[in-house]
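In: Sequence first, then the predicted structure:
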Amino acid sequence: MTASEKQGNPEIKPFWSPLAAGIALGLALLLTFVLSGHGLGASGAANDMVAGVGLKLAPEATRANGYLGPMVADGSPMGSWMTWEILGVAIGALVAAFMAGRFRVQLDGARSVGTPARLISTLAGGFMAGLGARIAGGCTSGLGLSGAAALGISAFVFLALFFATGMIVSRMVKGV
Amino acid sequence: MFPLNDNGMLSGLLCGILFGYVLENAGFGSPVKLSAQFKLSDWAVFKVMFTAIVVAAVGLWLLRLVGLMKPDSIAVPQAALMASAVGGALVGAGFAVGGYCPGTSVVGLFSGRLDALVFIVGVVLGTAGFAVFYGAALKSLKAAWLIAEGDTFTDVYGTPEPVVLAVLGLALIAIFYFGSWFERRGTGTVTAEQAVEGAR
């Protein structure tokens, strides 16, 4: 029995090896292309959410917006494929975390950098990632992963800059 | 003949459940594990991503080769190189500072991490910010360095697809080789226990 089990916690199962996880992710991505004609994504769901909430709170401003207007022209964007997919990601992650004893409610990073600093770093990081994903037209999943599997040139440009900037910034700021 | 072009609820849920299940099992709900890639001490992010890219790209090529998949039938991102570079840099910086990217923040939240919820709020605010400031400047950014001839190496430079796949395969081997070398001389990869324990 491990120390964690003695405290009444379920056994924490190890992560899959990167090779096994990579093959499984590749097959899931291939299935997505076969079913839907496009790859996996994430930031598009935030797009749907902003457009949907915008339509509720400020319908005229949303319809007049140069970016959101064309998106909401054919009715509400909520309930699009990407929104269902992100709901699926939530279910899949929850099941995986519970089955492996890896579900734990916490503010990760609060102990290493302090609660206020962690709240700021995660909010600022999310803002930059959300803004960057809209500029690039996709995030690490939609452009970096799925675009590269479709052999798109822009995906490799995205990944190169993603990696280079991440390395530099992680040396300047301790966010977690 | 594939793709089925099914963009309904069940197709989305099924693909998403598989995506989330695999990402959590890879350890990608943990900002400690994710940001260790940029410290070069844990190469799981690049190993998993590149393995998946090669598996899916080879799979798509094989499906086309045996005639199960129509040519030019899947979505390829537009070759807007300036927008990809600037966006990639911002997502990389956000990943380094916040510890997640948009997809992995959902995995983080549903493995119990409340900081991931705050990251998601940030993503939504960043998306809204883009929409609010969408105008001439952002439009010209999106139109800069746009390759008009096509979106893939095969379309633009005439590189045969098997050659592109072979180069990707070599890059994958290099990532595993050099990544493991960095992991051995660094502080070691982040285990599930350490990830559940949280950043310290």
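Out: The structure has been received and is ready for your questions. Numbering: from 1, shown residues only, chains lettered A, B, ... in the order given.

In: pull the longest helix from the chain.
Out: Picked chain A for this. Ordering each helix of chain A by length in residues (DSSP state H) puts helix A:115-136 first.

In: oops, I was thinking of chain B
Out: With DSSP H applied, the helix covering the greatest number of residues in chain B is identified as helix B:161-185.

In: Give me the pLDDT for residue 67.
Out: No chain specified, so I'll use chain A. pLDDT, A:Tyr67: 94.

In: looking at chain B here, not the other one
Out: According to the per-residue confidence, B:Gly67 scores 96 in pLDDT.

In: before we move on, the earlier item: need the CA coordinates for the longest helix of chain A. CSV is fine.
Out: Backbone C-alpha positions of helix A:115-136 (Å, rounded to 0.1, in the frame of the first residue of the first chain) are rendered in CSV as follows:
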residue,chain,number,x,y,z
THR,A,115,-2.5,32.5,-4.8
PRO,A,116,-2.6,36.2,-6.1
ALA,A,117,0.3,35.7,-8.5
ARG,A,118,-1.1,32.4,-9.8
LEU,A,119,-4.5,34.0,-10.5
ILE,A,120,-2.9,36.8,-12.4
SER,A,121,-0.5,34.5,-14.3
THR,A,122,-3.3,32.1,-15.4
LEU,A,123,-5.7,34.9,-16.4
ALA,A,124,-3.0,36.7,-18.3
GLY,A,125,-1.8,33.5,-20.0
GLY,A,126,-5.4,32.7,-21.0
PHE,A,127,-5.9,36.1,-22.4
MET,A,128,-2.7,35.9,-24.6
ALA,A,129,-3.6,32.4,-25.7
GLY,A,130,-7.2,33.4,-26.6
LEU,A,131,-6.0,36.5,-28.5
GLY,A,132,-3.2,34.6,-30.2
ALA,A,133,-5.5,31.8,-31.3
ARG,A,134,-7.9,34.3,-33.0
ILE,A,135,-5.0,36.0,-34.8
ALA,A,136,-3.6,32.7,-36.0
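
In: tell me the mean pLDDT for the next helix or strand after that helix?
Out: Read in the C-terminal direction, the helix or strand following helix A:115-136 is helix A:146-149, with elements assigned using DSSP states H and E. The average pLDDT for helix A:146-149 rounds to 98.

In: which helices and strands sit right next to helix A:146-149?
Out: Secondary structure elements in contact with helix A:146-149, counted by 3 or more CB pairs under 8 Å, 6 or more residues apart in numbering or on different chains; DSSP states H and E, are helix A:18-36, helix A:153-172, helix B:44-65. Backbone N, C-alpha and C define where each C-beta goes, glycine included.

In: Adding mean neighbour count, write these out as CSV.
Out: As requested, these are arranged in CSV below (neighbours: other CB atoms under 10 Å in any protein chain shown):
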stretch, mean neighbour count
helix A:18-36, 22
helix A:153-172, 21
helix B:44-65, 22
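
In: Go through those helices and name the closest to A:Leu145.
Out: With distances scored as CB to CB, the stretch of the helices and strands packed on helix A:146-149 nearest to A:Leu145 is helix B:44-65 (5.9 Å).

In: And the closest residue to B:Lys47 other than its chain neighbours, how far from B:Phe28?
Out: The shortest distance from B:Lys47 to any non-neighbouring residue, by CB to CB, 6 or more residues apart in numbering or on different chains, is to A:Pro18 (3.6 Å). Between A:Pro18 and B:Phe28 the computed distance is 11 Å (CB to CB, to the nearest Å).

In: what touches both of those two?
Out: With CB atoms under 8 Å, 6 or more residues apart in numbering or on different chains applied, the overlap between the contact sets of A:Pro18 and B:Phe28 consists of B:44, B:48.

In: I'd like the average pLDDT over stretch B:157-166.
Out: Mean pLDDT, stretch B:157-166: 97.

In: which parts of that stretch are buried?
Out: Along stretch B:157-166, the positions that meet the burial threshold by neighbour count (16 or more other CB atoms under 10 Å in any protein chain shown) are B:161, B:164-165.

In: among these, which are within reach of chain A?
Out: Among those, the residues within reach of chain A (CB under 8 Å from any CB of the partner chain) are B:161, B:164.

In: ok, the buried residues of stretch B:157-166 vs A:Ser170, which is closest?
Out: Nearest to A:Ser170, judged by CB to CB, of those is B:Val164 at 30.1 Å.

In: from memory the closest one sits against B:Phe153, does it?
Out: Yes. Distance between B:Val164 and B:Phe153: 5.1 Å, which falls inside the contact criterion (CB atoms under 8 Å).

In: Cool, thanks, talk later.
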